[in-house]
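Asker: Quick one, fold the following:
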Amino acid sequence: MVSMKVELLNFDENSNSIVFKGRVMSLNRLSFKLLRALGESNGEILSANQISSTVWGNSTVSSETIKQRVFVLRKAIMESGIEGIIVQSVRGEGYRLIIDDVSAKPEPEVTSTKRTFYSPLIQYKTTTLTISLLMLAIIASIYIFRPSSNELYINDRIALWTNIKPHKLINPALTVYSNWNDKLLTEMKENNINLVFSEKQQDVLVPVQARRNRLALISYFEVLKKNEKYFVTLSIVEPKTATVLRKDSFELTPDFIAESLLNSQINGITKLLSSGKLNLTKQHKENPKHRIWPYLKALANEK
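Answerer: Now for the predicted structure:
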């Protein structure tokens, strides 16, 4: 068996799998090569060009293709249930692998017993200098990164959430989910949306998680069983208020074709994102009868 060990990860090239803390995770070939390349970098950042040459060889791939592959890898790690493997995006630089060995015990802190008369004064001056530098950095960043008054920031981050883990779905629900996920990935490749890695966290309010993940919209894929029949409900949700802007439900039957409905949902999502109306104010969020809501729902349901 051909295997390679990088830090705490054990890579098996024959089966495209890794072993971490006694748990095995199987990957497709490209995801395996990507994870191995990140692991061999020993925590250093790999640029898009480095990843392209290492994973795809002589084939030239775009940064969007790499972003999609990172998304697929993160999703596989999440669905495997393995904790402690983090693929981190470094804006403007690339990606790196962080291994969080939660089982490792921290080294005991060594405290010097030697004290001098001047140590409190030195500590005070150091703390004051650090705080002053931090305040200057914050003030400078406000002026440097403050958007122009003529620029409209459009948040295009969208998450695909499900009530059942994707790897636990069975046909025909799995087929519909896969088709929907592929359509979202295609839209991201065409720079119409930014599909982010996120899943619904239990016991966390939707607006709270949306703020943490900076989400503009949520596509919620829900599978329900009623009277021995299975149904799919596909919703477009405004996350800051958890308002459902559109909901389509259909029975999962062997002859049902969801293509037209999925395309209509894509149209609703892109209309909402490009409208620039999702930057809601406090007045919008606190008034469910505000005229913005009928407008957003009309965009979401536009055929």
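
Asker: Quick check: next helix or strand after the helix or strand of the chain with the lowest mean pLDDT?
Answerer: Every helix and strand of the chain was ranked by mean pLDDT, DSSP states H and E. The lowest is strand 3-6, at a mean of 50. Under the assignment DSSP states H and E, the closest C-terminal helix or strand after strand 3-6 is strand 9-12.

Asker: Strand partners (parallel or antiparallel) of the helix or strand just after that following strand?
Answerer: Counting by DSSP H and E, the next helix or strand C-terminal to strand 9-12 is strand 17-20. Each strand pairing with strand 17-20, determined using DSSP bridges, is listed with its direction: strand 9-12 (antiparallel), strand 23-26 (antiparallel).

Asker: Quick one, which of the ones you listed gets closest to P288.
Answerer: The stretch from these with the least distance to P288 (C-beta to C-beta) is strand 23-26; that distance is 44.1 Å. For glycine as for every other residue, the C-beta is placed from the backbone atoms N, C-alpha and C.

Asker: Name the residues of that closest one that are buried.
Answerer: Buried residues in strand 23-26, counted by 16 or more other C-beta atoms under 10 Å: M25.

Asker: List the contacts of that strand.
Answerer: Contact partners of strand 23-26, identified using C-beta atoms under 8 Å, 6 or more residues apart in numbering, comprise S15, N16, S17, I18, V19, A76, I77, S80, G81, I82.

Asker: From F256, how far off is the second one?
Answerer: Going back to what we said before, that points to N16. Computed with C-beta to C-beta, to the nearest Å, the distance linking N16 and F256 is 34 Å.

Asker: what's the answer for the third one, then?
Answerer: As for S17, its distance to F256 is 36 Å (criterion: C-beta to C-beta).

Asker: neighbour-wise, which of these two wins?
Answerer: Each of S17 and F256 has its neighbours counted (other C-beta atoms under 10 Å); S17 has more, 15 against 12.

Asker: Let me see the contact set for that one.
Answerer: Under the criterion of C-beta under 8 Å, 6+ apart, the neighbours of S17 are V24, M25, S26, L27, F32.

Asker: can you count the residues close to K247?
Answerer: 14.

Asker: That one pairs with what?
Answerer: Note on K247: beta-bridge partners by DSSP bridges are S235.

Asker: where in the stretch 201-303 of the chain is pLDDT low?
Answerer: For the stretch 201-303 of the chain, no stretch has pLDDT under 70.

Asker: Help me confirm that A210 comes into contact with T243.
Answerer: No. Using C-beta atoms under 8 Å, A210 is not in contact with T243, being 11.3 Å away.

Asker: who's more crowded, those two?
Answerer: The neighbour count for A210 versus T243, taken as other C-beta under 10 Å, is higher for A210 (23 against 16).

Asker: hang on, the earlier thing: could you dump the strands paired with strand 17-20 to TSV with distance to L215 and mean pLDDT?
Answerer: As requested, the strands paired with strand 17-20 are arranged in TSV below (distance: least, C-beta to C-beta, whole Å; pLDDT from 0 to 100):
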stretch	distance to L215	mean pLDDT
strand 9-12	31	85
strand 23-26	27	86
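
Asker: Mind putting these into JSON lines with distance to M135?
Answerer: As requested, the strands paired with strand 17-20 are exported to JSON lines (distance: least, C-beta to C-beta, whole Å):
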{"stretch": "strand 9-12", "distance to M135": "41"}
{"stretch": "strand 23-26", "distance to M135": "45"}
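
Asker: for these, which one sits closest to E286?
Answerer: For the strands paired with strand 17-20, distance to E286 was read as C-beta to C-beta. The smallest value, 44.8 Å, belongs to strand 23-26.

Asker: tell me, how many neighbours does the closest residue to V237 other than its chain neighbours end up with?
Answerer: Once flanking residues are discounted, V237 sits nearest to I218: 4.2 Å by C-beta to C-beta, 6 or more residues apart in numbering. If you count neighbours by other C-beta under 10 Å, I218 ends up with 24.

Asker: In this structure I218 contacts K240, no?
Answerer: No. Under the criterion of C-beta under 8 Å, I218 lies out of contact with K240, with a separation of 10.3 Å.

Asker: domains for this protein, by residue range?
Answerer: What the record gives for the chain is the domain set 3-99, 157-300, from automatic domain parsing.
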